[in-house]
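> Mind looking at a prediction? Sequence and model below.
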Amino acid sequence: MIVVMRQNATEDEIHGVIRVAENADLKVHVSRGEERTVVGLIGDVRRLDADTIAFLPGVERVVRILQPFKLASREFMPSRSPVPLGGVLFGGDGDEVPVIAGPCAVESEESMMRIARLVAGAGAAVLRGGAFKPRTSPYSFQGLGEPGLHILAKARELTGLPVVTEVVSPQDVELVGAYADALQIGSRNMHNYALLHEVGRQPKPVILKRGMMSSVEEWLMAAEYILSAGNTNVILCERGIRTFETSTRNTLDLSAVAVVKKLSHLPVIVDPSHATGRADMVVPMALAAVACGADGLMVEVHDDPASALSDGPQSLRPEAFADMMRRLEPVAKAVGRRIAAPPGRKVAGGHEWGDQRDDEHSGQSPQKRAHGPASASECAG
Ligand code: PEP
Ligand code: MN
């Protein structure tokens, strides 16, 4: 149930509503918008007589939320919520589309620095790289762990870009949060409720990937765990779902972007790398994602995909990434948006950090080079 307060409601009136709700053992979430305050009441609202609330001073109206997800719903928050990540804004009413890029895993300081410099030069707004890797096989590279976090912090220092990295267990949330600007919950952990609760109790924004076999409703319920634990900064990430189709690693469900935007006020971004598993499919799907309204992209980039320790086959080479950034601009413009410039810079697309276009004239097309030889190492199986 949500209680929409009148525009000029006083603090005393807001607290009057909170008191009545707490007396009925309900959890209260107060959301203070520019125009009015909305008080969300979570729990068994049957304990409460809606009329008792409706006639309290300062109350404009009471709305019952019919969706199973409450705080994530547009009924609770009709306007889009912007989520700040470092100095970068995702979602909200703005027109910016930030691009997150970097290797699947942090492999070594040298390679992370090289790749970070290249993606920053091409206009990425946020760096990515996994220090803790959830791998399908226990024999695959599991990530560098804490030393990987130190390397990410150095990459942030080098480029000035915020960093996002995955956290795979509740015990590591504090550690990862001490280094990263945002925590990623991976597809395999979307149903890990202890982990969702833990990232909900800390202040860093969370990128919540869709479970590979989860419905949109289940995904939004996972977001609800984080929101109800107190963290309102959740960015949803569509990364493909399992279907009968075998020509791509997963099936990118772009309709989920439109569905989520109808149902929820949270930003939704798209990861075309894990969705397709193929570098040659990443760029067209990234363009399509921006065209259909995604609030951002997350793309894997590696400067030597053949020897990547994970997800080489789906990693764009840096030249192909720079090319993608340039091709995204007109698509974003066509739908009334623009690719977000990295924090502290005016434009995205590789215009300010050296000209990546030299690579285009090396004789091989960026798309061709982007394919990269297949590697046996993948995040998932
Ligand atoms: C990743 O981003 O490297 C990753 C493991 O993604 P997902 O959880 O979507 O498979
Ligand atoms: Mn990966």
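Cool, got the structure. Residues are numbered from 1 along each chain as shown. Ligands and ions are numbered 1, 2, ... in the order given.
> CA only for contacts and neighbour counts going forward, please
Will do.
> What are the boundaries of the strands in the stretch 1-150 of the chain?
For the stretch 1-150 of the chain, the strands defined by DSSP state E, counting those that start in this stretch cover 2-5, 27-32, 37-42, 59-63, 82-85, 88-91, 96-97, 99-102, 126-128.
> Just give me the neighbour total for the closest residue to Gly86 other than its chain neighbours.
Nearest non-adjacent residue to Gly86, counting by Cα to Cα, 6 or more residues apart in numbering: Pro162, 5.2 Å away. Other residues within reach of Pro162, judged by other Cα atoms under 10 Å, total 24.
> I'd say Pro162 and Leu152 touch.
No: counting by Cα atoms under 8 Å, Leu152 is not a contact partner of Pro162; they are 9.3 Å apart.
> joint contacts of the two?
Ala180 (Cα atoms under 8 Å, 6 or more residues apart in numbering).
> I'd like the distance between the residue of the chain found nearest ligand 1 and Glu238.
Nearest residue of the chain to ligand 1, counting by Cα to the nearest ligand atom: Gly186, 3.3 Å away. Gly186 sits 11 Å away from Glu238, taking Cα to Cα, to the nearest Å as the criterion.
> Look at these two and report which has more neighbours.
Between Gly186 and Glu238, Glu238 has the larger neighbour count (other Cα under 10 Å), namely 31 against 23.
> check contacts around that one.
Applying Cα under 8 Å, 6+ apart, the residues contacting Glu238 are 209-210, 252-254, 256-257, 268-271.
> From those residues, list the buried ones, please.
209-210, 252-254, 256-257, 268-271 (16 or more other Cα atoms under 10 Å).
> near ligand 1, which of those show up?
Lys209 (Cα under 6 Å from any ligand atom).
> what's the overlap in contacts for Gly186 and Glu238?
By Cα under 8 Å, 6+ apart, the residues touching both Gly186 and Glu238 are 209-210.
> wait, which of the strands of the stretch 1-150 of the chain is closest to Glu319?
strand 99-102 (12.9 Å; Cα to Cα).
> Select from the buried ones among the contacts of Glu238 every entry located in helices.
256-257 (DSSP state H).
> Reformat the buried ones among the contacts of Glu238 into CSV and put distance to Leu41 next to each item.
Below are the buried ones among the contacts of Glu238 laid out as CSV (distance: Cα to Cα, whole Å):
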residue, distance to Leu41
Lys209, 27
Arg210, 26
Leu252, 35
Asp253, 32
Leu254, 32
Ala256, 28
Val257, 27
Val268, 25
Ile269, 28
Val270, 31
Asp271, 34
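> of all the buried ones among the contacts of Glu238, which comes closest to Val30?
Taking these together and measuring to Val30 by Cα to Cα, the closest member is Val268, at 23.0 Å.
> near ligand 1, which residues of the stretch 1-150 of the chain show up?
Residues of the stretch 1-150 of the chain lying near ligand 1 (Cα under 6 Å from any ligand atom): Cys104.
> The stretch 1-150 of the chain: helices as residue ranges?
Using DSSP state H, counting those that start in this stretch, the helices of the stretch 1-150 of the chain run over 11-23, 50-54, 109-121, 146-159.
> Using a markdown table, lay out those together with mean neighbour count and mean pLDDT.
Shown next, in a markdown table, are the helices of the stretch 1-150 of the chain (neighbours: other Cα atoms under 10 Å; pLDDT from 0 to 100):
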| stretch | mean neighbour count | mean pLDDT |
| --- | --- | --- |
| helix 11-23 | 16 | 95 |
| helix 50-54 | 15 | 87 |
| helix 109-121 | 21 | 98 |
| helix 146-159 | 19 | 98 |
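> between those, which one is nearest to Val301?
When the helices of the stretch 1-150 of the chain are compared by Cα to Cα, helix 109-121 sits nearest Val301, at 7.3 Å.
> Just confirm Arg117 contacts Gly160, I think it does.
No: with contact defined as Cα under 8 Å, Arg117 does not reach Gly160; the gap is 10.1 Å.
> Okay, now the unreliable bits of the stretch 251-381 of the chain?
346-381 (pLDDT under 70).
> Going along the chain, name the helices of it.
255-263, 272-276, 279-291, 318-334, 366-371.
> starting at the chain centroid, how far to the longest one?
Chain-centre distance of helix 318-334: 20 Å, with Cα atoms, centre = their mean, to the nearest Å.
> likewise the third one?
Centroid displacement of helix 279-291 relative to its chain, using Cα atoms, centre = their mean, is 17 Å.
> Which elements pack onto it?
helix 272-276, strand 297-300, helix 318-334, helix 366-371 (3 or more Cα pairs under 8 Å, 6 or more residues apart in numbering; DSSP states H and E).
> Buried residues, the third one. List them.
Neighbour-count burial for helix 318-334, counted by 16+ other Cα under 10 Å, picks out 318-332.
> Just name the closest of the residues you listed to Lys262, please.
Ala332 (20.0 Å).
> Who does the nearest residue to that closest one once chain neighbours are set aside form a beta bridge with?
Closest residue in space to Ala332, ignoring its immediate chain neighbours: Arg338 at 5.0 Å, by Cα to Cα, 6+ apart. Taking DSSP bridges, one obtains Glu96 as the residues bridged to Arg338.
> hang on, Arg338 packs against Asp95?
Yes: with contacts counted by Cα under 8 Å, Arg338 reaches Asp95, the gap being 6.1 Å.
> hmm, back to that, filter the buried ones among the contacts of Glu238 down to the ones in strands?
The strands, defined by DSSP state E, take in 209, 268-270 from those.
> JSON lines please, covering those and showing distance to Pro134.
Converted to JSON lines, these look like this (distance: Cα to Cα, whole Å):
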{"residue": "Lys209", "distance to Pro134": "13"}
{"residue": "Val268", "distance to Pro134": "22"}
{"residue": "Ile269", "distance to Pro134": "21"}
{"residue": "Val270", "distance to Pro134": "19"}
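> what's around Cys292, how many residues?
Neighbours around Cys292, by other Cα under 10 Å: 15.
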